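Undergrad: Quick one, what's the 3D model for this:
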Amino acid sequence: MSQRACVLLVDDESAIRALFAMVLRAEGYEVVEARDGEQALAKVAADPPDLVLLDIMMPKIDGLEVVRRMKADKSLPFIPVILVTAKATPKDVVTGLDAGGDDYLTKPIDHGAL
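TA: Down below sits the predicted model:
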């Protein structure tokens, strides 16, 4: 029996998390949710997921700082991070990728992109 891949969804908007979770669970993924950067870092440290879908604009610790901390933590395995945000200028994309994001999706997301 194969283990399902785990995706950590990080977004301060509960409706966005619910939508992503519904789509990902329907595709067979295990989904863990965090509502801010502090929760995300705690969940990654406690049980590293296979992938992180990370909003950039959040309270407490923004997504750029979360990905920087994750990538700087040598005790963590490599975890791909896809930044998911409404910030869509070329400068925003470059900033997100420079911070350590592995890919960048802009909101609203087409269901097919997931």
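
Undergrad: Please count neighbours and contacts with C-alpha atoms only from this point.
TA: Noted.

Undergrad: So, low pLDDT: which residues of this structure?
TA: Low-confidence segments of the chain, defined by pLDDT under 70: 1-2, 108-114.

Undergrad: Buried residues of the longest helix seen in the chain, list them for me.
TA: Ranked by residue count, the top helix of the chain under DSSP state H comes out as helix 14-26. By neighbour count on 16 or more other C-alpha atoms under 10 Å, the buried set for helix 14-26 is 16, 17, 20, 21, 24.

Undergrad: Then stretch 68-83?
TA: Those would be 70, 71, 79, 80, 81, 82, 83, for stretch 68-83 by 16+ other C-alpha under 10 Å.

Undergrad: mind giving me TSV with the residues you listed and columns for secondary structure and distance to residue 94?
TA: As requested, these are exported to TSV (DSSP: H, G, I helix; E, B strand; the rest coil; distance: C-alpha to C-alpha, whole Å):
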residue	secondary structure	distance to residue 94
70	helix	18
71	helix	16
79	coil	19
80	coil	17
81	strand	14
82	strand	13
83	strand	11
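
Undergrad: for those residues, which one is nearest residue 97?
TA: Nearest to residue 97 out of these is residue 83 (C-alpha to C-alpha; 8.5 Å).

Undergrad: so that closest one makes contact with residue 94?
TA: No. Counting by C-alpha atoms under 8 Å, residue 83 stays clear of residue 94, with 11.4 Å between them.

Undergrad: Give the pairing partners of whatever helix or strand residue 84 lives in; include direction for each.
TA: In this structure, residue 84 is located in strand 81-85 according to DSSP states H and E. Here strand 81-85 has these sheet partners by DSSP bridges: strand 51-55 (parallel), strand 103-106 (parallel).

Undergrad: What residues sit buried inside the shortest one?
TA: Residues 104, 105 are the ones in strand 103-106 that count as buried (16+ other C-alpha under 10 Å).

Undergrad: Give me the contact list for it.
TA: 81, 82, 83, 84, 85, 86, 87, 88, 93, 96, 97 (C-alpha atoms under 8 Å, 6 or more residues apart in numbering).
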